[in-house]
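Enquirer: Quick one: sequence and predicted model below, then my questions.
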Amino acid sequence: MSSPDITPADVAAVNQVLQTTTLSIGPQIEAFEKATAEYVGAAHAVGVNSGTSGLHLAVIAAAVQENELVITSPFSFVASANAILYERAIPVFVDVDPKTGNLDPLLVAECASDLTRGGSAADKWLPPSIKNQKSKIKNLTALLPVHAYGQPADMDPILAAARQYDLAVIEDACEAIGAEYKGRKAGTLGAAAIFAFYPNKQMTTGEGGMLVTDRKDWANLFRSLRNQGRDVFDGWLNHTRLGYNYRLDEMSAALGLAQIKRLDELLAKRARVAEWYNERLAKQECIELPYLAPTTTRMSWFVYVIRVKPPASRDEIVRRLAAVGIPSRPYFTPIHLQPFYRDRFGYQRGAFPVTEYLGDVALALPFSSVMTEAQVDFVCENLLRAHLNISEQW
Ligand SMILES: *Cc1c(COP(=O)(O)O)cnc(C)c1O
């Protein structure tokens, strides 16, 4: 599906760390943090061992308490909503824009208004199984928009709603490093943002993530929380607060540093692969190409996702591509329909129609910066053949 882009220089950078005695909390993470803060244009960057741990720490920094509400997107990777559950808060899903798959800002504003008002106005937004436990529900405290596929959410109206209702904004920018919204970098729009560096992301550290923020107090808190709750001035065995081991090791940080130095090149290579796909798949009856909003002044291509519309069948295409050895998969599978979200919150199909529609038709094709034009050709030839055969059958 995807491949990391690793050069001999990347390998050498990691190797070099292994020649030293400092394999954690050393010069590499410091340099990687500095380079990321500079790249993004944020005052502080704090490395962690995954995007998910970064999301968790941002939710803690936003002081989200048990049974408080956080508005987020159901059309995302499950980690963005899970981070809210880690703090025993309640994710309130709001449906997405059908074109971008990002949070619909009008619905966010409406939802924030209704939840702030409370009473029966709040009902339609709450998870089904929570509606009859309203006495335990507390106030709305944060917004957690996701920049899906590497395209920034429409942040200005979301930020306006946040100001109006005094909500912290956490950007899940795990798929969007380098992306720009109206000329502003993803990661600088909310109070804190998280990038992720799993091997399928635009740049990788193996496992890893990075929090960015302009708030010094939050950066200090992140440093403490990732390191077992030690404060910067604490001794090794003095723990000021409940913390975690979310540290990023030096080998990973060295790889991240080498990769972020090449990030613009990596993003340009991905944009070229996306362009190859666009050229070959344009103007097909049942295939819709990725949509870029006018507010997206720079796309950071994380995945290449088309929509396969009836009479063609997305799932049949997946099977036919698999038969010739081409991996492809639905992306995303709606969070509210994941088994434990259904069990815990009582969600059923129909709760978020746009998200579910996208979940039914979206198909991620093989995609990475190391893909060749010949490989794109091979995927597209097989895809078009599969989709034509299916259309004919109908
Ligand atoms: C990748 C990703 C994450 C989590 O990253 P990990 O490093 O795998 O924990 C969170 N949110 C979104 C939208 C992602 O794509």
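Expert: Sure thing, it's come through.
Enquirer: Tell me how many other residues crowd residue 239.
Expert: Residue 239 sits with 15 neighbouring residues when counted by other C-beta atoms under 10 Å. Glycine gets a C-beta too; all of them are placed from N, C-alpha and C.
Enquirer: Could you double-check that it lies in contact with residue 228?
Expert: Yes. With contact defined as C-beta atoms under 8 Å, residue 239 and residue 228 form a contacting pair (5.8 Å).
Enquirer: low-scoring stretches of the stretch 151-300 of the chain, by residue?
Expert: In the predicted model, the stretch 151-300 of the chain carries pLDDT under 70 at residues 233-234.
Enquirer: Return the residues of it in contact with the ligand.
Expert: Within reach of the ligand by C-beta under 6 Å from any ligand atom, the stretch 151-300 of the chain has these residues: 172, 174, 175, 196, 198, 209.
Enquirer: biggest separation within the residues you listed, which pair?
Expert: Largest separation among these by C-beta to C-beta: 172 and 198, giving 13.6 Å.
Enquirer: Can you list the buried residues in stretch 306-313?
Expert: Residues of stretch 306-313 classed as buried under the neighbour-count rule (16 or more other C-beta atoms under 10 Å) are 306, 307, 308, 309, 312, 313.
Enquirer: how about the residues you listed in TSV, adding pLDDT, secondary structure and distance to the ligand?
Expert: Listed next are those as TSV, based on pLDDT from 0 to 100; DSSP: H, G, I helix; E, B strand; the rest coil; distance: C-beta to the nearest ligand atom, whole Å:
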residue	pLDDT	secondary structure	distance to the ligand
306	98	strand	18
307	97	strand	19
308	96	strand	21
309	91	coil	24
312	91	coil	27
313	93	coil	26
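Enquirer: which of the residues you listed lies closest to residue 155?
Expert: Proximity of these to residue 155 (C-beta to C-beta) peaks at residue 307, which lies at 23.9 Å.
Enquirer: how about that closest one, what does it touch?
Expert: For residue 307, the contacting residues are 287, 288, 358, 361, 362, 363, by C-beta atoms under 8 Å, 6 or more residues apart in numbering.
Enquirer: The second one reaches residue 309, doesn't it?
Expert: Yep, that's residue 288 we're talking about. Yes. Counting by C-beta under 8 Å, residue 288 sits close enough to residue 309 to count as a contact (6.4 Å).
Enquirer: Now for the two: what residues contact both?
Expert: residue 361.
Enquirer: Would you double-check that residue 322 falls in a helix?
Expert: Yes. Using DSSP: H, G, I helix; E, B strand; the rest coil, the assignment for residue 322 is a helix.
Enquirer: Near it, how many other residues are there?
Expert: Around residue 322 sit 12 other residues, with neighbours defined as other C-beta under 10 Å.
Enquirer: Looking at it now. What's its pLDDT?
Expert: For residue 322, the pLDDT comes out at 97.
Enquirer: Could you report the neighbour count for the residue lying closest to residue 309 once chain neighbours are set aside?
Expert: When the adjacent residues along the chain are set aside, residue 309 lies closest to residue 286, with 4.9 Å between them (C-beta to C-beta, 6 or more residues apart in numbering). The burial metric for residue 286, expressed as a neighbour count using other C-beta under 10 Å, is 20.
Enquirer: Also residue 191?
Expert: Residues lying near residue 191 (other C-beta under 10 Å) number 19.
Enquirer: Report pLDDT for the residue in the stretch 51-200 of the chain that the ligand sits nearest to.
Expert: Residue nearest to the ligand within the stretch 51-200 of the chain (C-beta to the nearest ligand atom): residue 51, separated by 2.6 Å. Here the pLDDT value assigned to residue 51 is 98.
Enquirer: quick one: the strands in the stretch 101-250 of the chain?
Expert: 140-144, 168-172, 180-181, 184-185, 192-196, 209-213 (DSSP state E, counting those that start in this stretch).
Enquirer: Of residue 172 and residue 198, which one has the most company?
Expert: With other C-beta under 10 Å as the criterion, residue 172 and residue 198 differ in neighbour count, and residue 172 comes out ahead with 30 against 18.
Enquirer: quick revisit: for the residue nearest to residue 309, give me its contacts.
Expert: Under the contact definition (C-beta under 8 Å, 6+ apart), the residues listed for residue 286 are 308, 309, 310, 311, 312, 387, 391.
Enquirer: what's the neighbour count on the residue of the stretch 201-350 of the chain found nearest the ligand?
Expert: Among the residues of the stretch 201-350 of the chain, residue 209 lies closest to the ligand, at 5.1 Å counting by C-beta to the nearest ligand atom. Residue 209 is flanked by 29 other residues according to other C-beta under 10 Å.
Enquirer: Check the one 4 residues further on too.
Expert: Residue 213 has 26 neighbours, counted by other C-beta under 10 Å.
Enquirer: try residue 136
Expert: Residue 136 is flanked by 9 other residues according to other C-beta under 10 Å.
Enquirer: The nearest residue to it once chain neighbours are set aside: what secondary structure?
Expert: Counting by C-beta to C-beta, 6+ apart, residue 136 lies nearest to residue 67, which is 5.3 Å off, once chain neighbours are set aside. In three-state terms, and counting by three-state DSSP, residue 67 is coil.
Enquirer: could you pull out the helices for this structure?
Expert: Counting by DSSP state H, the chain has helices at residues 8-18, 27-40, 51-61, 79-86, 105-117, 155-165, 216-226, 250-261, 263-281, 314-323, 339-345, 353-361, 373-393.
Enquirer: of the ones you listed, which approaches residue 133 most closely?
Expert: Closest approach to residue 133 among the helices of the chain is made by helix 339-345 (11.0 Å; C-beta to C-beta).
Enquirer: Specify the beta-bridge partners of the closest residue in space to residue 331 that isn't next to it in sequence.
Expert: Of all residues not flanking residue 331 in the chain, residue 364 sits nearest, at 3.9 Å (C-beta to C-beta, 6+ apart). The residues paired with residue 364 through beta bridges, assigned by DSSP bridges, are residue 305, residue 329.
Enquirer: close enough to count as contact, residue 364 and residue 1?
Expert: Yes. Under the criterion of C-beta under 8 Å, residue 364 lies in contact with residue 1, with a separation of 7.2 Å.
Enquirer: Looking at the two, which one has more neighbours?
Expert: It is residue 364, of residue 364 and residue 1, that has more neighbours when counted by other C-beta under 10 Å, with 20 against 14.
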